[in-house]
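Colleague: Just need the structure, nothing else, for what follows:
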Amino acid sequence: MEPRIHISVVVTGPTAPPRQEHDALMACLRDAGVTEALIVRTPAGIDLHLMAADTEQLRGLLGEYLGESSGYGMMTGTDALRRLLRSAARTGDPVLAGAIDELKESHRLAWQAGMIGDALQDRLQLAYQVARQVRSDSLLQDRPVSIVTSVVRVARSIHGDLAMVRGLLIGTEEAGEMIAARLLENGLSTLVVMHERRHLAGALAGRLGAASAVTEDLETELVRADIVILSSGGGEHTLTAADVSKALAARRARPVFLVDAGVPPDADPAVESLDDVFYYTLDHLERAAFEGGRRRPEQDEAAAVVVENAIALFAGRASESVDMRGTGRIRQILENARGRVLAETPDADAFEATAAMVDLVAREIDT
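Modeller: Okay, here's the model as predicted:
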């Protein structure tokens with residue numbers, strides 16, 4: 001099989017196919033022999049992230065699908081990976097300012113289409129890690145209104161004085177801890193930290209001066225909580241719309257401020273449609289924060305450093321993987337040679353057997 005490389009195709013303007021053509025474009029790529037593909041929506045159009053062997057064949061395919069006069073950019077290898085990671089980090093370029101929710105939705109659609117393999121999966125997981133680190137680093141930055149400060153502001157607009165408000169933190173990621181700590185600093189009455197592992201919930205609760213609970217207590221704690229902070233970031237829904245709907249019925253229309261600090265988000269998106277739920281992801285909070293303070297160049301520079309460090313880490317992992325594949329191949333060659341020698345000359349002495357193995361291995365490596 002020909003080696004495949006990461007190719008990113010940037011399609012902007014009216015030539016970018018709309019979302020309803022997602023399946024048709026995926027089918028076209030599959031028919032052309034592309035085995036892994038991700039279609040990410042951006043404010044300016046779409047980004048295609050593909051694993052393919054032949055860029056020229058891909059250019060012909062795109063020209064036929066989009067139209068020969070369409071304009072698009074193409075990058076490969078490290079540049080393509082950088083494009084994906086910068087999109088996740090939202091590093092200031094308006095073309096790359098797509099929300100992490102959009103990346104997750106693109107991931108889901110590609111998975112359903114059977115177009116996600118190990119190569120793109122590894123790159124997407126790295127993108128989610130970058131997003132988590134950039135968001136965590138930016139939460140408490142010194143600016144007129146930080147994301148954490150905007151949580152306090154929204155909480156007060158919903159519940160008023162926080163002295164009578166109870167909070168529930170589900171998960172132990174750093175972003176959730178920062179948000180919970182700031183709410184406590186601003187007068188939050190009570191906080192419960194919940195995790196499936198009691199000792200992890202207890203450790204974080206100890207740092208925050210809070211109570212702890214395990215996931216078996218979710219139904220009870222949801223009814224009691226006025227503010228719920230989700231901070232697991234595991235890529236799965238830790239809170240469903242059914243969970244929240246049941247709690248709301250028991251709360252008798254008392255509103256809930258739901259802060260989803262997971263990257264990707266932890267809550268079932270359907271919770272946003274429930275009455276009496278004020279659902280905010282980090283994207284929502286970021287927009288609210290920017291209303292009070294514009295993004296500064298140093299914030300983009302810090303995010304760019306995170307991206308470059310991640311690229312270096314990925315390159316190191318790739319080299320290690322190549323080394324391991326090389327070691328595995330040599331081991332297999334030796335095992336094959338040993339089997340042939342034993343089968344063909346079972347009575348050979350050690351010297352003869354070794355000489356025969358060396359000869360077989362040399363021929364195998366040369367081929």
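
Colleague: rest of the way, CA atoms for contacts and neighbours
Modeller: OK.

Colleague: Where does the closest residue to H107 other than its chain neighbours fall, secondary structure wise?
Modeller: Closest residue to H107 apart from its sequence neighbours, by CA to CA, 6 or more residues apart in numbering: L38 at 6.7 Å. Counting by DSSP states H and E, the element that carries L38 is strand 36-42.

Colleague: what packs against that strand?
Modeller: Counting contacts by 3 or more CA pairs under 8 Å, 6 or more residues apart in numbering; DSSP states H and E, strand 36-42 is packed against helix 22-31, strand 45-52, helix 100-112, helix 118-139.

Colleague: And that strand, how far out from the chain middle?
Modeller: Strand 36-42 sits 14 Å away from the centroid of its parent chain (CA atoms, centre = their mean, to the nearest Å).

Colleague: tally of neighbours for A119?
Modeller: A119 is flanked by 14 other residues according to other CA atoms under 10 Å.

Colleague: May I have the predicted confidence score for it?
Modeller: A119 is assigned 90 on the pLDDT scale.

Colleague: Looking at the helices and strands packed on strand 36-42, which is nearest to D260?
Modeller: helix 100-112 (11.5 Å; CA to CA).

Colleague: Could you check how far that closest one is from the centre of its chain?
Modeller: Centre-to-centre, helix 100-112 and its host chain are 10 Å apart (CA atoms, centre = their mean).

Colleague: what does stretch 241-259 give?
Modeller: The chain centroid and the centroid of stretch 241-259 are separated by 28 Å under CA atoms, centre = their mean.

Colleague: Between its first and last residues, how far does that stretch reach?
Modeller: By CA to CA, to the nearest Å, the extent of stretch 241-259 from end to end equals 14 Å.

Colleague: cool, stretch 229-241 as well?
Modeller: End-to-end for stretch 229-241, by CA to CA: 15 Å.

Colleague: if we look at that stretch, which residues are touching it?
Modeller: With contacts defined as CA atoms under 8 Å, 6 or more residues apart in numbering, stretch 229-241 is touched by 167-176, 179-180, 258-271, 274.

Colleague: Can you go through those residues and name the buried ones?
Modeller: The neighbour count (16 or more other CA atoms under 10 Å) marks 167-176, 179-180, 258-268, 271 as buried among the contacts of stretch 229-241.

Colleague: What residues does the residue nearest the centre of the chain make contact with?
Modeller: Among the residues of the chain, the one closest to the centroid is Y128, at 2.4 Å (CA atoms, centre = their mean). Applying CA under 8 Å, 6+ apart to Y128 gives the contacts A88, V263, P264.

Colleague: Also E216?
Modeller: By CA under 8 Å, 6+ apart, the neighbours of E216 are E196.

Colleague: pLDDT score assigned to it?
Modeller: 92.

Colleague: Doesn't it belong to a helix?
Modeller: Yes. According to DSSP: H, G, I helix; E, B strand; the rest coil, E216 belongs to a helix.

Colleague: which other residues reach the one helix or strand R207 maps to?
Modeller: Using DSSP H and E, R207 falls within helix 198-208. With CA under 8 Å, 6+ apart as the test, helix 198-208 has contacts from G171, T172, E177, A181, V192, V193, M194, H195, A211, S212, A213, V214.

Colleague: Equivalent analysis for stretch 302-310, please.
Modeller: Identification of contacts with stretch 302-310 by CA under 8 Å, 6+ apart yields R82, L85, R86, A89, T91, L126, V130, Q133, V134.

Colleague: Look at the first one and say how many residues are nearby.
Modeller: The one in question is R82. 20.

Colleague: what's the answer for the second one, then?
Modeller: L85 is flanked by 28 other residues according to other CA under 10 Å.

Colleague: Against N309, how distant is it?
Modeller: Plainly put, L85 is 11 Å away from N309 if you go by CA to CA.

Colleague: What are the phi and psi values at the residue lying closest to E173 once chain neighbours are set aside?
Modeller: Excluding the flanking residues, the one nearest E173 by CA to CA, 6+ apart is S231, at 5.3 Å. Main-chain torsions, S231, degrees, to the nearest 10: phi -150, psi 60.

Colleague: Quick check: the gap between S231 and T281.
Modeller: Taking CA to CA, one finds S231 at 11 Å from T281.

Colleague: So between those two, which is more surrounded?
Modeller: Neighbours were counted for S231 and for T281 using other CA under 10 Å; S231 has more, 26 against 21.

Colleague: and the gap between that one and P264?
Modeller: 10 Å.

Colleague: what do you get for A24?
Modeller: For A24 relative to P264 (CA to CA), the value is 26 Å.

Colleague: show me what contacts A113?
Modeller: A113 sits next to D23, M26 when contact means CA under 8 Å, 6+ apart.

Colleague: Per-residue pLDDT of it, please?
Modeller: 90.

Colleague: which SSE is D243 in?
Modeller: According to DSSP H and E, D243 maps onto helix 241-251.
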